[in-house]
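> Fold the following, please.
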Amino acid sequence: MGFIELVQKHHIAYHEKTLGQLFCDDSAQQIVDLLLAECHEGKVSIRLRSEVTQIEKTAEGFTLLVGGKTITASSVVDCQRRTFNARFRCHPFWL
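Numbers count the residues shown, from 1 in each chain. The predicted structure is shown next:
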């Protein structure tokens, strides 16, 4: 399912501006809510301000040490914000 289909699935009204730019008719918060709902449906765990001190590839996926606690996951995405330019770098782990 593509992004437009997700927007339509969640009944978010939108309009197109120049050059194919799409904007919510109401609030961009609707997109945040859409993404959080999809994460909840997919049983995704979002951890903010968490320091990963160890990561290992296992037969089932990954084992991480996060804040002194061991976490297992089938897949992991790491996003980091650089404070000097506030851009995010995200990448999945493919170990």
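
> Secondary structure element holding Glu56?
strand 52-57 (DSSP states H and E).

> Just the angle for the next helix or strand after that strand relative to strand 52-57, thanks.
Sequence order places strand 62-66 as the next helix or strand after strand 52-57, per DSSP H and E. When axes from the mean of the first three to the mean of the last three CA atoms, to 10 degrees is applied, the directions of strand 62-66 and strand 52-57 differ by 170 degrees.

> Tell me the neighbouring strands of whichever helix or strand comes after strand 62-66, and mark each as parallel or antiparallel.
As assigned by DSSP H and E, the chain's next helix or strand after strand 62-66 is strand 69-73. In the sheet, strand 69-73 lines up against strand 62-66 (antiparallel) (DSSP bridges).

> which residues of the protein score low on pLDDT?
Counting by pLDDT under 70, the ranges of the chain that qualify are 80-95.

> residue with max distance from the center of it?
Thr18 (27.2 Å; CA atoms, centre = their mean).

> got the phi/psi numbers for Asp33?
phi -60, psi -40 (degrees, to the nearest 10).
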